[in-house]
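with the input below, show me the fold.
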Amino acid sequence: MKVLAHLAAAAAALLLSPGACADGWPVKPVRVVLPAAAGSAPDVIARLLGERLGQLWKQPVIVENKPGASGVIGISAFKQAPADQHGFLLAQAAVIAVTPRTLANPRFDVDADMTPIALVALSPMMILARQDFGANTLAEAFALARSGRQPITVAATGQYSIPHLSAEYIRKAAGLDVNIVSFGSTGGALNALVNGDAQLMVDGIPGVGAMRQSGRIKALATTASERLPGEPGLPTLAETLPGSPELSGWFVLFGRKNASAEVVERVNRDVRQVLQDPRLAARFVELGVFPRALTPAETARFVADERQRWGRVLDGLKIEAR
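Coordinates of the predicted model:
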């Protein structure tokens, strides 16, 4: 009996070791730490993805919400979980690209602590104006801002958030004389826009749909790489400002640094498979995010490029880490 017990333990250790083959994986429930609150858009995305992956893996995918401290609480929970090839992190762009640059002690290192596995989706920004703003195109808005005929304030949701940094990027790249004010919520930024305290606004798509439908604000452009499905008349930033990169929030699935190559490949393949489901893609689009499938190597390059991109914007703001 002791021999059998030792053999069973050895087999389990081999299966869960970093070099183990992923053919038999997963052998138990999979846990995904999410540095966002329950009920938030990232939470809905995580649960939709987890439901599809759980069906594929025939194991539950448990989403663990760990919001707070600019993502540090979630990443700490991810790092402290057992390194058994069954724990992952679904992180937003700001957590990975911004937090390490704005906190003096973020308590994590992207390169040392995690392995990028799969890009899940992109969340492009939208550039908006009051309905009665004296510009109906982004080019006209830029010309007005450069003219100095009236002071222009740009509202953005969240300090050092992707909307805020996107606004800062546009201001510098377009050579605009505008004042950028960050608000604690999308509602606060929208109120400033509608009330005339701000003339332009940069934010993600999900929170501004109702106000657009009411006719009180208008969209001038998105920061996506191409015109969005369902918005064929809405140009991209690059159409007005040639050479502009895609400026988006994003969601990337990470494993621990010791994640086996086999498990990384397996998870990436399965994520890409479920992202091809038209029903899942349609639900994502309703949330203002757009699936984007990349290989593990492409995902790693994407994360590195995004960290550099937003790092350059933050350097220009001369932020003192807090």
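
so what's the residue lying closest to V120 once chain neighbours are set aside bridging to?
Closest residue to V120 apart from its sequence neighbours, by CB to CB, 6 or more residues apart in numbering: F251 at 4.3 Å. From N, CA and C alone the C-beta is placed, and that goes for glycine too. Assessed by DSSP bridges, F251 has beta-bridge partners Q92, A121.

ditto for the one 4 residues further on
In this structure, G255 has the following beta-bridge partners (DSSP bridges): F88, T115.

just list the residues touching the residue nearest to V120, thanks.
Listed by CB atoms under 8 Å, 6 or more residues apart in numbering, the contact set of F251 reads P42, I45, A46, L90, A91, Q92, A93, L119, V120, A121, S123, V289.

need the helices for the stretch 151-300 of the chain, in chain order.
Along the stretch 151-300 of the chain, counting by DSSP state H, counting those that start in this stretch, helices occupy 162-174, 186-195, 209-214, 237-240, 261-275, 278-286, 296-317.

I'd like those helices laid out as CSV, including mean pLDDT.
Below are these laid out as CSV (pLDDT from 0 to 100):
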stretch, mean pLDDT
helix 162-174, 97
helix 186-195, 96
helix 209-214, 90
helix 237-240, 97
helix 261-275, 98
helix 278-286, 94
helix 296-317, 97
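
where are the low-confidence patches of this structure?
Low-confidence segments of the chain, defined by pLDDT under 70: 1-22.

domain parsing of it, as residue ranges.
26-123+248-317, 125-240 (automatic domain parsing).

how far away from the center of its chain is the shortest one?
Going back to what we said before, that points to domain 125-240. Using CA atoms, centre = their mean, to the nearest Å, the distance from the centre of domain 125-240 to the centre of the chain it belongs to is 19 Å.

what about that domain, start to end distance?
Domain 125-240 has an end-to-end distance of 15 Å (criterion: CA to CA, to the nearest Å).

same thing with the longest one?
Taking CA to CA, domain 26-123+248-317 runs 45 Å from one end to the other.

what are the phi and psi values for E64?
With angles defined as degrees, to the nearest 10, E64 sits at phi -110, psi 110.

ok, now which ones touch it?
For E64, counting by CB under 8 Å, 6+ apart, the contacting residues are R31, V32, V33, L34, A77.

so the second one versus V61, what's the distance?
Applying CB to CB, to the nearest Å, the value for V32 to V61 is 6 Å.

okay, and the common contacts of those two?
With CB under 8 Å, 6+ apart as the test, V32 and V61 both reach G50.

quick revisit: with respect to burial, which of the helices of the stretch 151-300 of the chain scores highest?
Burial of those is given as mean neighbour count (mean count of other CB atoms under 10 Å); helix 162-174 ranks first at a mean of 23.

what does that helix contact?
When contacts are defined by CB under 8 Å, 6+ apart, helix 162-174 is touched by residues 93-94, 98, 123, 125, 127, 142, 145, 154, 156-158, 176, 178, 180, 182, 202-204, 223, 237, 241, 244, 247-249, 310, 313-314, 316-317.

tell me the angle that helix makes with helix 186-195.
Angle of helix 162-174 versus helix 186-195, following axes from the mean of the first three to the mean of the last three CA atoms, to 10 degrees, is 50 degrees.

quick check, P100 in a helix?
Yes. Membership of P100 in a helix is supported by DSSP: H, G, I helix; E, B strand; the rest coil.

distance check, the closest residue to it other than its chain neighbours against M114.
In space, not counting the residues next to it along the chain, P100 is nearest to P106; the distance is 4.9 Å by CB to CB, 6+ apart. For P106, the distance to M114 equals 13 Å [CB to CB].

list the buried residues for stretch 244-256?
S244, E246, L247, S248, G249, W250, F251, V252, L253, F254, G255, R256 (16 or more other CB atoms under 10 Å).

please apply the same query to stretch 104-121.
Quick answer for stretch 104-121 (16+ other CB under 10 Å): P106, F108, V110, M114, T115, P116, I117, A118, L119, V120, A121.

end to end, how far does stretch 204-220 reach?
End-to-end distance (CA to CA), stretch 204-220: 13 Å.

residue contacts, the closest residue to T299 other than its chain neighbours?
Nearest in space to T299, with sequence neighbours left out and distances taken as CB to CB, 6+ apart, is P116 at 4.5 Å. By CB under 8 Å, 6+ apart, P116 lies in contact with V252, F254, P296, T299, A300, F302, V303.

now tabulate those in JSON lines and tack on distance to V208.
Shown next, in JSON lines, are the contacts of P116 (distance: CB to CB, whole Å):
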{"residue": "V252", "distance to V208": "24"}
{"residue": "F254", "distance to V208": "29"}
{"residue": "P296", "distance to V208": "34"}
{"residue": "T299", "distance to V208": "28"}
{"residue": "A300", "distance to V208": "32"}
{"residue": "F302", "distance to V208": "26"}
{"residue": "V303", "distance to V208": "27"}
